[in-house]
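Engineer: need a 3D model of the following:
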Amino acid sequence: MINSESVATPRALVIRGGAIGDFILTLPAIRLLRESIPDVRIEILGYKPIVELAVSAGLADAVRSLEHGSMAKLFVPSVTLDRDLIEYFRSFNLVVSYLYDPDGYFRGNMERIGVRTYLAASHHVEPGAGHAAAQLAKPLEKLAMYLDDPAPQIGLAVPADSSGGGPVIAIHPGSGSLKKNWPTANWSRLGRELSEVFPHGRLALVTGEAEAERGVTKAMLEGWRGLDFLHWDQVPLTQLAVNLSTCAAFLGHDSGISHLAAACGLPCLLLFGPTDAATWAPRNSGVQVLSDASGDLQRMPFDIVRAEAGALIAGLPDKKSASGL
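Structural biologist: Model prediction:
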């Protein structure tokens with residue numbers, strides 16, 4: 001166990017790069033630290049627009065950018081380090097790093113700095129070796145911390161509904177890879193058909209930089225022309241989490257945004273293609289996964305997705321809506 005006798009309040013630093021989904025899958029490990037170390041103050045070092053989610057979720061107290069110029073020196077052996085950087089790392093009782101450090105230079109510099117307890121945690125997830133969140137939390141077993149629940153949770157306070165606008169179904173038609181995507185034309189058609197059976201609610205289109213670059217955003221806006229829908233385009237993640245928390249359900253792929261929606265507690269219908277759902281799909285309750293045996297989402301029949309999406313909507317309680325968005 002970590003040595004916390006030298007300071008009144010134990011301090012832990014988690015260093016985690018990676019994309020949105022990678023970080024959200026690390027939240028159960030961060031939660032485990034919070035629950036295992038009484039009164040711990042947790043700070044996250046990573047890409048600020050992403051790691052700020054941990055503060056919003058109440059799992060971290062502060063964040064710092066991994067992209068700060070002084071950090072580069074930590075990957076050089078026997079380099080002279082900035083005094084401020086040395087004092088920063090020395091202030092922590094425990095440093096858990098998910099950084100790629102094949103030569104051990106970062107670890108060596110942590111030892112030179114005098115970090116009390118340093119734990120190297122692999123960022124690599126092995127398909128078929130258990131759920132990703134469980135694999136990312138496994139290194140903490142060296143500190144006698146064992147993960148029981150691999151489902152990330154981002155519980156946010158959202159405004160009480162006063163708009164009477166009806167429940168919202170969020171749809172994210174993209175992901176980090178084209179191979180993971182169902183055809184955009186199918187998403188466009190699905191939205192139009194669902195709007196006909198969802199007259200007392202609204203659709204919300206979620207898009208980001210990847211969808212804009214690939215023409216998905218433009219195609220969806222053209223396909224949904226004439227529909228009454230919300231468009232959350234390139235919204236900061238912390239605000240998107242608030243938006244999603246007001247929704248009734250979410251439809252998407254294997255993506256970071258899908259992990260965000262599941263962590264916010266939404267019933268989800270997620271389409272999985274080439275990736276292993278047993279390893280990567282959110283373990284949150286209410287998450288349903290549709291996969292094609294071929295691993296090719298281009299072959300996923302529209303009628304199957306339409307039927308499952310319709311069943312999801314039909315089973316929703318009519319109580320959430322797009323308040324103030």
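
Engineer: what's around residue 227, how many residues?
Structural biologist: 16 (other CB atoms under 10 Å). In this view, the C-beta of every residue, glycine as well, is placed from N, C-alpha and C.

Engineer: could you look up the SS state of it?
Structural biologist: Here residue 227 is recorded as coil under DSSP: H, G, I helix; E, B strand; the rest coil.

Engineer: same check, this time on residue 295
Structural biologist: coil.

Engineer: and residue 109, which of the three is it?
Structural biologist: helix.

Engineer: how many neighbouring residues does it have?
Structural biologist: Residue 109 sits with 22 neighbouring residues when counted by other CB under 10 Å.

Engineer: low-confidence ranges, this structure, go.
Structural biologist: Low-confidence segments of the chain (pLDDT under 70): 1-7, 157, 159-165, 318-325.

Engineer: now do the strands in it.
Structural biologist: For the chain, the strands defined by DSSP state E occupy 11-16, 41-46, 62-65, 94-97, 117-120, 168-171, 202-207, 229-233, 249-253, 268-272, 287-291.

Engineer: what's the angle from the first one to strand 41-46?
Structural biologist: With axes from the mean of the first three to the mean of the last three CA atoms, to 10 degrees defining the directions, strand 11-16 sits at 20 degrees from strand 41-46.

Engineer: who's in contact with strand 11-16?
Structural biologist: 2, 22-23, 26, 29-30, 33, 37, 40-46, 51, 60, 66, 89, 91-99, 123 (CB atoms under 8 Å, 6 or more residues apart in numbering).

Engineer: what about 7 Å?
Structural biologist: Contact with strand 11-16 is made by 23, 26, 30, 33, 37, 40-46, 51, 66, 91-99, as judged by CB atoms under 7 Å, 6 or more residues apart in numbering.

Engineer: that strand pairs with which strands, parallel or anti?
Structural biologist: strand 41-46 (parallel), strand 94-97 (parallel) (DSSP bridges).

Engineer: swap in the last one?
Structural biologist: Strand pairing for strand 287-291, using DSSP bridges, gives strand 268-272 (parallel).

Engineer: that older thread, from the contacts of strand 11-16, which would you call buried?
Structural biologist: 23, 26, 30, 33, 37, 40-46, 51, 66, 92-99 (16 or more other CB atoms under 10 Å).

Engineer: does residue 290 touch residue 306 like I think?
Structural biologist: No: here residue 290 lies out of contact with residue 306, judged by CB atoms under 7 Å, at a distance of 11.1 Å.

Engineer: what's the local residue count around residue 290?
Structural biologist: 18.

Engineer: an error on my part: the question was meant for residue 134.
Structural biologist: Around residue 134 there are 19 residues (other CB under 10 Å).

Engineer: next up, the contacts around it.
Structural biologist: Residue 134 touches 147, 150, counting by CB under 7 Å, 6+ apart.

Engineer: that one and residue 121, how far apart?
Structural biologist: 13 Å (CB to CB, to the nearest Å).

Engineer: residue 130 too?
Structural biologist: Taking CB to CB as the measure, residue 130 falls 15 Å from residue 121.

Engineer: one more: residue 208?
Structural biologist: 28 Å.

Engineer: next one: the closest residue to residue 91 other than its chain neighbours from residue 95, what distance?
Structural biologist: Spatial nearest neighbour of residue 91, chain neighbours left out: residue 11 (6.0 Å); criterion: CB to CB, 6 or more residues apart in numbering. Applying CB to CB, the value for residue 11 to residue 95 is 10 Å.

Engineer: could I get the buried residue list for stretch 293-305?
Structural biologist: Buried residues in stretch 293-305, defined by neighbour count with 16+ other CB under 10 Å: 297, 300, 305.

Engineer: between the two ends of that stretch, how far is it?
Structural biologist: 14 Å (CA to CA, to the nearest Å).

Engineer: which residues touch residue 244?
Structural biologist: Contacts of residue 244 by CB under 7 Å, 6+ apart are 170, 250, 260-261, 264, 266.

Engineer: any idea which of these has the most stuff around it?
Structural biologist: That'd be residue 261 among these, by other CB under 10 Å, with 30 neighbours.

Engineer: my guess is it contacts residue 268, does it?
Structural biologist: Yes: in this structure residue 261 lies within contact range of residue 268 using CB under 7 Å: 5.6 Å.

Engineer: next, show the common contact partners of these two.
Structural biologist: Common neighbours of residue 261 and residue 268 (CB under 7 Å, 6+ apart) are residue 250.

Engineer: many thanks, have a good one.
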